[in-house]
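task: produce atomic coordinates for the following.
(2 chains)
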Protein chains: 2
Amino acid sequence: MEKKASTATTGVEIGLDHDRIINLNMGDPTMFEPFWREFGDNATVVIPGWQKMSYFSERGNLCWFLEPEFANEARRLHGIVNNAVTDGRHLIVGVGSTQLIHATLFALASTEAHHPVNVVSAAPYYSMYPGMVDFMKSKLFRWAGDAAAYRGDDNFIELVCSPNNPDGAIRDAVLGNEMGKRVHDMAYNWPQYTPMQGAADHDIMLFTVSKATGHAGTRIGWALVKDAEVARKMVEFIEMNSIGVSKDSQVRAARILKVISDGYEFPNPEGVGQFFHFGRRMLADRWRRLRQALDASGRFSLPRFSLQFCEFSKEHAETYPGFAWIRCEDQKIKDCEAFFKSINVFTMSGRRFGAGAEFTRISMLDTDENFDIFIKRITYLD
Amino acid sequence: MEKKASTATTGVEIGLDHDRIINLNMGDPTMFEPFWREFGDNATVVIPGWQKMSYFSERGNLCWFLEPEFANEARRLHGIVNNAVTDGRHLIVGVGSTQLIHATLFALASTEAHHPVNVVSAAPYYSMYPGMVDFMKSKLFRWAGDAAAYRGDDNFIELVCSPNNPDGAIRDAVLGNEMGKRVHDMAYNWPQYTPMQGAADHDIMLFTVSKATGHAGTRIGWALVKDAEVARKMVEFIEMNSIGVSKDSQVRAARILKVISDGYEFPNPEGVGQFFHFGRRMLADRWRRLRQALDASGRFSLPRFSLQFCEFSKEHAETYPGFAWIRCEDQKIKDCEAFFKSINVFTMSGRRFGAGAEFTRISMLDTDENFDIFIKRITYLD
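Numbering: from 1, shown residues only, chains lettered A, B, ... in the order given. Just a heads-up that it's a prediction; the model follows:
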């Protein structure tokens, strides 16, 4: 510990700032703020006191609390990026994709079944899935763990997160298509994170502005749903859970998506103000620095991704996930999360994702300042 | 039916507009829009694209997704109106008071109990309570009906809605204070609806901007909670349910509450722009017209309320609930909701509130135009 104290002393000079806690355990997407500071003038939203007072957005719509301008801009952006089929799909808005996962489970579970439906996802799976499924102790569904190890009956729902949180892998359902039901959580299926491979075409696809644009605080997600009855039951859930979704945030989200789409449909000569390109450049730089620092330490490894042709940028592109899924290769370190905690970097243990303590997950989407300190701390590890 | 057709013909001239459906079955508070159009200049909210992006509002706060300016304005308004004790209370924000009811049930139920806790409310009770409690088929709690008829064990939660939806009555818990737990749903405890009787001081009190200010579309509610552990579990629920609450709507709600408070703390000489006085005048006028029209018809009755001293307005005041709880006294009409439906006025049957079909509930908070047509249709009943 004496050695550490001395490092801390020199740390002040080189910017290690040892006592400061760097919290990278949640995927708070504050990295994107500089883009919106620089190019976001048109994204400013103004709502007079008398507007958007009603519960209703469009009484005739199956999703009666959906603001038409938000629906239009979400469909428009999907069309430009070509990352999901929207034609003939119901668009359901939710309080983040989190509320939509609950709505989806409610919609897919049978209220007549004698046993709860099993909910599974291939490990490593998003750390919140088990808790989200089980915390209400519903008789409609229950968490049944790793999809790859599933040996239960045909009555299951597989949550397919692609690109996957925590490890960035592109995934298909691991359980057969003939049985069960699938929900595709596509929060990270955007060009800053992964090469676009054409429009995804699944029964239920979930998205969120948090990861698409960086606006986590707006709490707006959306689902593209093929089946009208499933869509209707999702709306029923949202009605019972919160009687709809903030109109103010829908209006704001519409504006934000519009600015991104306009940046591509009406580009300026310098190509500035193109959001996905900005995000991609930042993530590419961060991943380069992270790989360099971890390689130099010799104690950690990261997932490797092959180059793929991105149909959006029309070039071969790397994968730059929003999280780094770090594996500790040093036999002396038994608990990777605890190791990072010892240098005041908060991460989330692999155990939370159905994997081992040799893994930990680190957000790549935090502020420049926090990311810089994090990289320096790895670089100057004892 | 021939007689009806002839009424419809004359109806066009006197504004009955028979074919138009007047939907008064939900409490959509659009009545307040004219106030915000006239006096709401300062309530306009402007949010630049780069603001409020993070999940977090205040990391150190137990309710880490609560915008401080919203908390401050909610506490300030309670102080001015003196309708609820806020000192020493935790303030928890939710997606309307609806999400907060779920959060409260989750927080009060024991995860270790072998049986679900019974949830009750005295009939006539808010129509959504039974569905909200049971729709997830949770093993934590279950709907057990009318509190006044409750004969179950001491493990219960009583929902006390006061002033009560649907009938406007001021209520205390009907089950003893020595056992069970209580949640006070005080959505309508504001001076436009009911004479203020001093600061309510219960363990858990729920409020919502929907009914306080008319901004249902913002989906912002708040809870005042005495016990820190209950507050912590409510936050846990909201985390699992939606990872927090729209910041945009919190910022907007803060602004709206501020305009109301400013109207009383810094009144202008004419006293205009005082929201509760505006709402009270409108409701007084509507209730006068409704009572007149129903009395004239001789077929319906309404609850009667005694004059009480309002500590906010410092005068004796009537009660003007946000809903009219109509009882049909005509023996030929068996189903009051169906009767109103036959004149294209949609209401909500007493059966939905644990009462009989001789009752129906009608929103008093809709637009002037809809209310006018509704009154005319009663006035010109066959």
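
and A:Asn82, what pLDDT?
Predicted confidence (pLDDT) for A:Asn82: 98.

which residues does the nearest residue to it once chain neighbours are set aside contact?
With sequence-adjacent residues excluded and distances taken as Cβ to Cβ, 6 or more residues apart in numbering or on different chains, A:Asn82 is closest to A:Ala199, at 5.1 Å. For glycine as for every other residue, the C-beta is placed from the backbone atoms N, C-alpha and C. A:Ala199 sits next to A:78, A:82-85 when contact means Cβ atoms under 8 Å, 6 or more residues apart in numbering or on different chains.

one more: A:Gly214?
A:29-33, A:35-36, A:365, B:53 are the contacts of A:Gly214 under Cβ under 8 Å, 6+ apart.

and of the residues you listed, the nearest to A:Gly96?
A:Pro29 (12.2 Å; Cβ to Cβ).

please enumerate the helices of the stretch 101-250 of chain A.
A:128-134, A:209-213, A:228-242, A:247-265 (DSSP state H, counting those that start in this stretch).

looking from chain B, tell me which residue of the stretch 251-382 of chain A is nearest.
A:Arg252 (5.1 Å; Cβ to the nearest Cβ).

so what's that residue closest to, chain neighbours aside?
Counting by Cβ to Cβ, 6+ apart, A:Arg252 lies nearest to A:Val45, which is 4.4 Å off, once chain neighbours are set aside.

can you select the buried ones among the contacts of A:Ala199 for me in ChimeraX?
Buried residues within the contacts of A:Ala199, by 16 or more other Cβ atoms under 10 Å in any protein chain shown, are selected in ChimeraX with:
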select /A:78,83,84,85
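
just put the contacts of A:Ala199 in a markdown table and tack on distance to A:Thr111 and secondary structure.
Shown next, in a markdown table, are these (distance: Cβ to Cβ, whole Å; DSSP: H, G, I helix; E, B strand; the rest coil):
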| residue | distance to A:Thr111 | secondary structure |
| --- | --- | --- |
| A:His78 | 32 | helix |
| A:Asn82 | 37 | coil |
| A:Asn83 | 33 | coil |
| A:Ala84 | 29 | strand |
| A:Val85 | 29 | coil |
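
and the contacts of A:Ala199 as TSV, adding distance to B:Val160?
Converted to TSV, the contacts of A:Ala199 look like this (distance: Cβ to Cβ, whole Å):
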residue	distance to B:Val160
A:His78	46
A:Asn82	53
A:Asn83	49
A:Ala84	46
A:Val85	49
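
closest to chain B out of the contacts of A:Ala199?
Ranked by distance to chain B (Cβ to the nearest Cβ), those are led by A:His78 at 20.5 Å.

need the pLDDT of that closest one.
Taking A:His78 on its own, its pLDDT is 98.

for it, give me its contacts.
Here A:His78 is in contact with A:84-86, A:199, A:224 (Cβ under 8 Å, 6+ apart).

adding mean pLDDT and mean neighbour count, write the helices of the stretch 101-250 of chain A out as a markdown table.
Formatted as a markdown table, those follow (pLDDT from 0 to 100; neighbours: other Cβ atoms under 10 Å in any protein chain shown):
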| stretch | mean pLDDT | mean neighbour count |
| --- | --- | --- |
| helix A:128-134 | 97 | 19 |
| helix A:209-213 | 98 | 28 |
| helix A:228-242 | 98 | 20 |
| helix A:247-265 | 97 | 24 |
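
who are the contact partners of the nearest residue to A:Ile220 once chain neighbours are set aside?
Leaving aside its sequence neighbours, A:Ile220 sits nearest to A:Ala253 (Cβ to Cβ, 6+ apart; 4.3 Å). Residues in contact with A:Ala253, defined by Cβ under 8 Å, 6+ apart, are A:70, A:73, A:209, A:213, A:215, A:218, A:220.

all the strands of the stretch 201-350 of chain A, in order from the start?
A:204-208, A:220-225, A:300-301, A:308-310, A:315-317, A:323-328, A:345-346, A:348-349 (DSSP state E, counting those that start in this stretch).

most packed of those strands?
strand A:220-225 (a mean of 29; mean count of other Cβ atoms under 10 Å in any protein chain shown).

how far off centre is that strand?
Computed by Cα atoms, centre = their mean, to the nearest Å, the chain-centroid distance of strand A:220-225 equals 13 Å.

can you give me the angle that strand makes with helix A:228-242?
Angle, strand A:220-225 to helix A:228-242, by axes from the mean of the first three to the mean of the last three Cα atoms, to 10 degrees: 160 degrees.

tilt between strand A:220-225 and strand A:204-208?
Using the same axes, to 10 degrees: strand A:220-225 against strand A:204-208 is 160 degrees.

so which elements touch strand A:220-225?
Judged by 3 or more Cβ pairs under 8 Å, 6 or more residues apart in numbering or on different chains; DSSP states H and E, strand A:220-225 is in contact with helix A:68-81, strand A:90-95, helix A:96-108, strand A:204-208, helix A:209-213, helix A:228-242, helix A:247-265.

which strands border the second one, and is each parallel or antiparallel?
In the sheet, strand A:90-95 lines up against strand A:220-225 (antiparallel) (DSSP bridges).

repeat that for the fourth one.
Each strand paired with strand A:204-208, and its direction, by DSSP bridges: strand A:181-185 (parallel), strand A:220-225 (antiparallel).

contacts for it, please.
Residues from elsewhere that reach strand A:204-208 (Cβ under 8 Å, 6+ apart): A:74, A:84, A:96-97, A:100-101, A:104, A:182-187, A:189, A:220-226, A:230.

sorry, back to before: tell me which of the strands paired with strand A:204-208 lies nearest to B:Ile260.
strand A:220-225 (27.0 Å).

distance to B:Arg142 added to the contacts of A:His78, as TSV?
As requested, those are exported to TSV (distance: Cβ to Cβ, whole Å):
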residue	distance to B:Arg142
A:Ala84	39
A:Val85	41
A:Thr86	40
A:Ala199	44
A:Leu224	34
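
returning to what we had before: now the strands of the stretch 201-350 of chain A in JSON lines, with mean pLDDT?
As requested, those are exported to JSON lines (pLDDT from 0 to 100):
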{"stretch": "strand A:204-208", "mean pLDDT": "98"}
{"stretch": "strand A:220-225", "mean pLDDT": "98"}
{"stretch": "strand A:300-301", "mean pLDDT": "96"}
{"stretch": "strand A:308-310", "mean pLDDT": "97"}
{"stretch": "strand A:315-317", "mean pLDDT": "95"}
{"stretch": "strand A:323-328", "mean pLDDT": "98"}
{"stretch": "strand A:345-346", "mean pLDDT": "97"}
{"stretch": "strand A:348-349", "mean pLDDT": "98"}
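
hang on, the earlier thing: a markdown table for the helices of the stretch 101-250 of chain A, including distance to B:Pro130?
As requested, those are exported to a markdown table (distance: least, Cβ to Cβ, whole Å):
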| stretch | distance to B:Pro130 |
| --- | --- |
| helix A:128-134 | 24 |
| helix A:209-213 | 34 |
| helix A:228-242 | 11 |
| helix A:247-265 | 27 |
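
poorly predicted segments of chain A, please.
Low-confidence segments of chain A (pLDDT under 70): A:1-13.

domain parsing for it?
Listed domain ranges for chain A are A:2-36+A:275-379, A:53-265 (source: automatic domain parsing).

could you look up the SS state of A:Ile362?
What DSSP: H, G, I helix; E, B strand; the rest coil gives for A:Ile362 is strand.

list the contacts for it?
The contact partners of A:Ile362, by Cβ under 8 Å, 6+ apart, come to A:24, A:323-324, A:326, A:340, A:345, A:347, A:374.

show me what from the stretch 101-250 of chain A comes close to chain B.
Applying Cβ under 8 Å from any Cβ of the partner chain, we find that the stretch 101-250 of chain A lies next to chain B at A:102, A:106, A:111, A:128, A:131-132, A:135-140, A:210, A:214-220, A:237, A:240-249.

returning to what we had before: widest-spaced pair of the contacts of A:Gly214?
Spanning the widest gap among these are A:Trp36 and A:Leu365, at 13.7 Å by Cβ to Cβ.

neighbour count winner among the two?
Taking other Cβ atoms under 10 Å in any protein chain shown, A:Trp36 and A:Leu365 do not tie; A:Leu365 has more neighbours (26 against 23).
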